[in-house]
Structure formats: structure tokens, C-alpha cells
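Asks: Sequence plus predicted model, see below.
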Amino acid sequence: MNLPQDPYMKSQYVNMLLKANNMDLKTLCISANINMIALLSELGRAGISYDPVNRQFRT
């Protein structure tokens, strides 16, 4: 899957996918063939973290 390069756009895009598919991050990453560790690392460097309770990325 091709994700946006900008970390903020990427987090919003992944949030949209999470909500639309009613999935948690791990399930989404497996189904969309996204490297979850790389995603979390990249977004973390931009100050964006994943909230597993609400199943979304937040700044």
C-alpha cells in the first residue's frame, strides 16, 4: 500500500483506514502489508503517537 510521505498526512490517512475498516493498528497493518514498527517509528519521530484505546494516531 502506498501511504502519503508526509507524517501528518500519513497519520490521518491511517486513522481514516482504521475507522473505515473498524480495525486496530496491528490488524490493519497485517491486512494492508504495512510495516507497523516502521510506521510507529516514523510517526513517533514527528511527535505522533498511537492511542490503542481510541484506535487512532494523535499529536
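Replies: On my side now, so go ahead. Numbers count the residues shown, from 1 in each chain.

Asks: any idea which helix or strand carries the most centrally placed residue in the chain?
Replies: The chain has residue 14 as the residue nearest its centroid, 4.2 Å off, counting by CA atoms, centre = their mean. Per DSSP states H and E: residue 14 is located in helix 7-21.

Asks: How about that helix, which residues are buried there?
Replies: Residues of helix 7-21 classed as buried by neighbour count (16 or more other CB atoms under 10 Å): 7, 10, 11, 14, 15, 17, 18. Heads up, the C-betas are built off the backbone N, CA and C, glycines and all.

Asks: Those residues into JSON lines, with extra columns for pLDDT and distance to residue 26?
Replies: Listed next are these as JSON lines, based on pLDDT from 0 to 100; distance: CB to CB, whole Å:
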{"residue": "7", "pLDDT": "97", "distance to residue 26": "20"}
{"residue": "10", "pLDDT": "97", "distance to residue 26": "17"}
{"residue": "11", "pLDDT": "98", "distance to residue 26": "16"}
{"residue": "14", "pLDDT": "98", "distance to residue 26": "12"}
{"residue": "15", "pLDDT": "98", "distance to residue 26": "15"}
{"residue": "17", "pLDDT": "96", "distance to residue 26": "13"}
{"residue": "18", "pLDDT": "97", "distance to residue 26": "11"}
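
Asks: hmm, back to that, what packs against the helix holding residue 14?
Replies: Packing partners of helix 7-21 (3 or more CB pairs under 8 Å, 6 or more residues apart in numbering; DSSP states H and E): helix 25-32, helix 36-45, strand 56-58.

Asks: Pick the most deeply packed of the ones you listed.
Replies: Comparing the helices and strands packed on helix 7-21 by mean neighbour count (mean count of other CB atoms under 10 Å), strand 56-58 comes out on top with a mean of 17.

Asks: what packs against that one?
Replies: Using 3+ CB pairs under 8 Å, 6+ apart: strand 56-58 touches helix 7-21, strand 49-51.
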